[in-house]
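**Student:** sequence first, then the predicted structure, then my questions.
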Amino acid sequence: PVSWELIGKAKELAKNSKEEVFAIVCGNDVSNIVAQALSYGVDKVYIYQDDAFKDFNVEIYTNVAEAFFNKYQNNVILFGGTPLGRSFAPKVAARLKTGLTADCTMLDMTDEKDLLQIRPAFGGNIMAKIHTPNDRPQMATIRYKMFDKPNIVKPFGEAIYEDTKDINKSTNIKIIDHYPKPKAKDISDAEVIIAVGRAFKKEKDLDLIEPLRKKLNAEIACTRPLIENGWFDAKKQIGLSGRTVKPKLIINLGISGAVQYIEGMKDSELIISVNKDRHNKLFDISHYALVGDIYEVLPELNKLVDQILEG
């Protein structure tokens with residue numbers, strides 16, 4: 001899914017640079033992916049189809065990316081900030097002797113076709129704008145849910161099947177076995193989230209949010225300190241070192257509002273935040289801000305939801 005979001009952002013950037021938007025598809029049976037990419041409005045899909053590309057192999061896929069760039073000399077390559085993308089993009093950058101900015105939260109394009117790669121730096125205390133005017137391609141990884149998917153359109157782009165016979169398919173990596181991973185709920189896909197922070201003094205106090213969770217059919221998420229306390233699995237963390245989310249509703253309870261957290265949820269459709277500190281940074285992006293102690297506000301919030309549901 002992150003690839004479709006990157007197509008949307010690439011189309012937006014291309015309005016400034018007056019460039020075409022490409023999708024590169026690699027695999028052994030990719031017709032469905034090609035059709036999807038075209039439906040999102042790319043100008044061209046370059047297809048590298050070969051039995052050797054069936055499974056992701058970072059060595060072989062890097063050879064594919066190198067072959068593509070050497071042939072087309074394109075300006076920018078965007079990668080999804082997924083586990084595979086985070087292993088793939090650095091290897092491509094090293095091969096092409098260019099730079100790479102990881103986990104960008106914003107992207108912009110100058111009139112000179114220079115990509116501005118924006119991400120938090122120095123522990124989230126500043127937003128760094130990284131500009132690489134001298135090297136190509138310009139490369140960045142972007143997380144899932146950072147940008148919006150483009151609208152589906154009537155396909156107008158061209159599908160181009162590339163010759164793969166000269167691409168080096170040798171590898172030092174041997175896949176010995178596959179172990180299927182049990183499917184688990186990902187908070188990135190949740191429509192309603194209740195996020196909790198360090199204002200909760202004891203793990204037992206988390207029971208206070210259970211009535212609200214049930215009424216809203218919400219997923220529970222947290223900030224990093226609660227992961228470090230051992231109260232939650234790391235998959236429940238929101239922020240730059242956790243998950244990026246974009247739910248229809250997020251309720252922040254007792255969260256300090258560090259930049260890393262805000263960057264992970266700022267695009268939620270409706271944001272409600274509860275905190276004792278009236279100067280909390282979360283209040284700046286919240287649609288509703290409740291100043292108060294979570295232990296006093298939560299019972300009232302439960303009553304309010306009851307009234308709404310009954311009414």
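**Tutor:** Thanks, I have the structure now.
**Student:** run a quick neighbour tally on N32.
**Tutor:** 9 (other Cβ atoms under 10 Å). Yep, even glycine has a C-beta here, placed from its N, CA and C like the rest.
**Student:** any idea how far it is from L38?
**Tutor:** 11 Å (Cβ to Cβ, to the nearest Å).
**Student:** please apply the same query to L107.
**Tutor:** Taken as Cβ to Cβ, the span from L107 to L38 is 23 Å.
**Student:** who has more neighbours out of the two?
**Tutor:** L107 (23 against 20).
**Student:** mind listing what's buried along the helix or strand that one falls within?
**Tutor:** Assigned by DSSP states H and E, L107 falls within strand 106-109. By neighbour count on 16 or more other Cβ atoms under 10 Å, the buried set for strand 106-109 is 107, 109.
**Student:** who's in contact with it?
**Tutor:** 9, 13-14, 16-17, 78, 115-119, 140, 142 (Cβ atoms under 8 Å, 6 or more residues apart in numbering).
**Student:** would you list the phi and psi of K54?
**Tutor:** Here is the backbone geometry of K54 (degrees, to the nearest 10): phi -60, psi -50.
**Student:** flag every buried residue along stretch 102-120.
**Tutor:** Using 16+ other Cβ under 10 Å as the test for burial, stretch 102-120 gives 102-105, 107, 109, 113-120.
**Student:** so which two of those residues are the farthest from each other?
**Tutor:** Checking these against each other with Cβ to Cβ, the farthest-apart pair comes out as K113 and P120, at 25.1 Å.
**Student:** returning to what we had before: save the buried residues of stretch 102-120 as JSON lines, and put in distance to F156, secondary structure and pLDDT too.
**Tutor:** Below are the buried residues of stretch 102-120 laid out as JSON lines (distance: Cβ to Cβ, whole Å; DSSP: H, G, I helix; E, B strand; the rest coil; pLDDT from 0 to 100):
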{"residue": "A102", "distance to F156": "33", "secondary structure": "strand", "pLDDT": "91"}
{"residue": "D103", "distance to F156": "32", "secondary structure": "strand", "pLDDT": "88"}
{"residue": "C104", "distance to F156": "28", "secondary structure": "strand", "pLDDT": "89"}
{"residue": "T105", "distance to F156": "31", "secondary structure": "coil", "pLDDT": "86"}
{"residue": "L107", "distance to F156": "24", "secondary structure": "strand", "pLDDT": "92"}
{"residue": "M109", "distance to F156": "22", "secondary structure": "strand", "pLDDT": "91"}
{"residue": "K113", "distance to F156": "23", "secondary structure": "coil", "pLDDT": "91"}
{"residue": "D114", "distance to F156": "28", "secondary structure": "coil", "pLDDT": "91"}
{"residue": "L115", "distance to F156": "25", "secondary structure": "strand", "pLDDT": "92"}
{"residue": "L116", "distance to F156": "28", "secondary structure": "strand", "pLDDT": "92"}
{"residue": "Q117", "distance to F156": "29", "secondary structure": "strand", "pLDDT": "92"}
{"residue": "I118", "distance to F156": "31", "secondary structure": "strand", "pLDDT": "88"}
{"residue": "R119", "distance to F156": "33", "secondary structure": "strand", "pLDDT": "87"}
{"residue": "P120", "distance to F156": "37", "secondary structure": "strand", "pLDDT": "79"}
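**Student:** if anything else comes up later, I'll come back, but that's it for now.
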